[in-house]
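Student: Just to be clear, the model below is a prediction. Sequence and coordinates:
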Amino acid sequence: MRFTRASATGMALLLAFATSAGMVACGGDSPSEPEPEPPGFDFTRDLIAFETERDGGAAEIYLTTTDGADVINITNNSASDWDPDWSPDGSKIAFASDRQGGFDIYIMNVDGSGVTRLTSNAADERYPSWSPDGGKIAFSTDRDGNDEIYVMNADGTSPVRLTNDPETDIEPVWSPDDSKIAFFSTRSGNADIWAMNLDGSNPVNLTNNPAFECAPFWSPDGSMLSFITDRDGNDEIYVMNADGSNPTNITKNPADDFASSWKSDGTTLVFDTDRNGNYDLYSIHLDGTGLTRLTTSSADDEFPAWRP
């Protein structure tokens, strides 16, 4: 199930449904290559990957420059392509796609070429996250009957289950120092951000708040996490220390602000928000200043991932 934006009440209902029905989130064979891209797009720049339905069909993965001036579709596929995550060297993007039926994990080059399917399970596999050395990918799957977190080699081999809980465990994100994986879980009876060791041991609830909290993302130096919370009555982007202390509201807006990712220097977040009527990408400094609108499409532009 795709996580949708809702009020705090709607989120509580969604959580109740998710614990009984499957995946909730704030969100093998290689298929044909994408159509050739228009000449002139420079893929070596600082770029942001994101999901959009601006082509009128299922979600595609696009790239935009950090000023929003130049965008390009890199998936060009009739299926739904979600959850982009950059490799540590910025040369590849992992993503989830249902182009072969259920959702599986794929990787591609930054220009959309070299698409390779990594999982081929009847279950839905979502939310890929690369290890800092690029050798492994964590992901979420319901192959065991409920939503758990696995890790596999970056070529799709040797999948290993990390979590083993009857509740929902999804949205893994690998810490930059290669010591922890943060994730979304309902194992406390509420939607919180947790962190665990790389082998799944020592899970710790970082937020422990009655609000709905999801979509964690590490700062580049690993000292902080950004996340979504509705603890103020609407969806905002917060940051907190890696141990869960000092949670701070960055966006402070009555609109719904979602899905954040960090600039490589750690000074700025990109996120999506409906403050102009539909979901567009914005950037903001950690002190709440410098708010800049990056996309202006009439379609929803969502779930950004900033190139490392």
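Tutor: Done, it's in.

Student: Next up, the contacts around the most centrally placed residue in the chain.
Tutor: The chain has D83 as the residue nearest its centroid, 5.1 Å off, counting by CA atoms, centre = their mean. Listed by CB atoms under 8 Å, 6 or more residues apart in numbering, the contact set of D83 reads 27, 51, 94-96, 126-128, 303. In this view, the C-beta of every residue, glycine as well, is placed from N, C-alpha and C.

Student: Per-residue pLDDT of it, please?
Tutor: At D83, the pLDDT value in this model is 98.

Student: Ignoring the adjacent residues along the chain, who's closest to it?
Tutor: Distances taken as CB to CB, 6 or more residues apart in numbering place A96 nearest to D83, at 4.4 Å, with adjacent residues excluded.

Student: isn't there a helix covering the one you found?
Tutor: No. Applying DSSP: H, G, I helix; E, B strand; the rest coil, one finds A96 to be strand, outside a helix.

Student: Max pairwise distance over the contacts of D83: which two?
Tutor: Using CB to CB, the contacts of D83 span at most 15.1 Å, a distance reached by G27 and A94.

Student: Show the model's pLDDT score for the nearest residue to L206 once chain neighbours are set aside.
Tutor: Take L206 and drop its neighbours on the chain: the residue closest to it by CB to CB, 6+ apart is G244, 3.5 Å away. Note for G244: predicted pLDDT of 98.

Student: now the one 5 residues further on
Tutor: We have a pLDDT of 98 for N249.

Student: quick one: contacts for D104?
Tutor: Contact analysis of D104 by CB under 8 Å, 6+ apart lists 28, 96-98, 117-121, 125.

Student: quick one: which of those is nearest N153?
Tutor: Distances from N153 to those, taken by CB to CB, are shortest for L118, at 8.9 Å.

Student: Give me the spatial nearest neighbour of that closest one, chain neighbours excluded.
Tutor: Using CB to CB, 6+ apart and skipping residues adjacent in sequence, the residue nearest L118 is G156, 3.4 Å away.

Student: same deal with A49?
Tutor: Nearest to A49 is P84, by CB to CB, 6+ apart, at 3.9 Å.

Student: if we can go back for a sec, let's verify the residue nearest to L206: helix, strand, or coil?
Tutor: Secondary structure assignment for G244 (three-state DSSP): coil.

Student: ok, it touching N208?
Tutor: Yes. Assessed by CB atoms under 8 Å, G244 is found in contact with N208 at 7.2 Å.

Student: okay, those two: which has more neighbours?
Tutor: Neighbour comparison, G244 and N208: the larger count goes to G244, with 18 against 13 (by other CB atoms under 10 Å).

Student: so what's that one up against?
Tutor: G244 neighbours (CB under 8 Å, 6+ apart): 193, 204-208.

Student: Which parts of the stretch 1-150 of the chain are helices?
Tutor: Taking DSSP state H, counting those that start in this stretch, the helices of the stretch 1-150 of the chain run over residues 8-21.

Student: Report the helix or strand with the lowest average pLDDT across this protein.
Tutor: One helix or strand of the chain scores below all others by mean pLDDT, DSSP states H and E: helix 8-21, with a mean of 43.

Student: In the chain, where is pLDDT below threshold?
Tutor: Along the chain, segments meeting pLDDT under 70 span 1-39.

Student: at 90 instead, please
Tutor: 1-40, 57 (pLDDT under 90).

Student: What distance do you get for the spatially closest residue to S298 that is not a sequence neighbour to F217?
Tutor: Once flanking residues are discounted, S298 sits nearest to N278: 6.5 Å by CB to CB, 6+ apart. Counting by CB to CB, to the nearest Å, the gap from N278 to F217 is 23 Å.

Student: repeat for L269
Tutor: For L269, the distance to F217 - CB to CB - is 9 Å.

Student: Could you name every residue contacting both of these two?
Tutor: What both L269 and F217 touch, as defined by CB under 8 Å, 6+ apart, is the set 226, 260-262.

Student: need these in CSV with secondary structure, can you?
Tutor: Formatted as CSV, those follow (three-state DSSP):
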residue, secondary structure
S226, strand
S260, strand
S261, strand
W262, strand
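
Student: Go through the residues you listed and name the one nearest Y106.
Tutor: Taking CB to CB as the measure, Y106 sits nearest to S261 out of the shared contacts of L269 and F217, at 19.4 Å.
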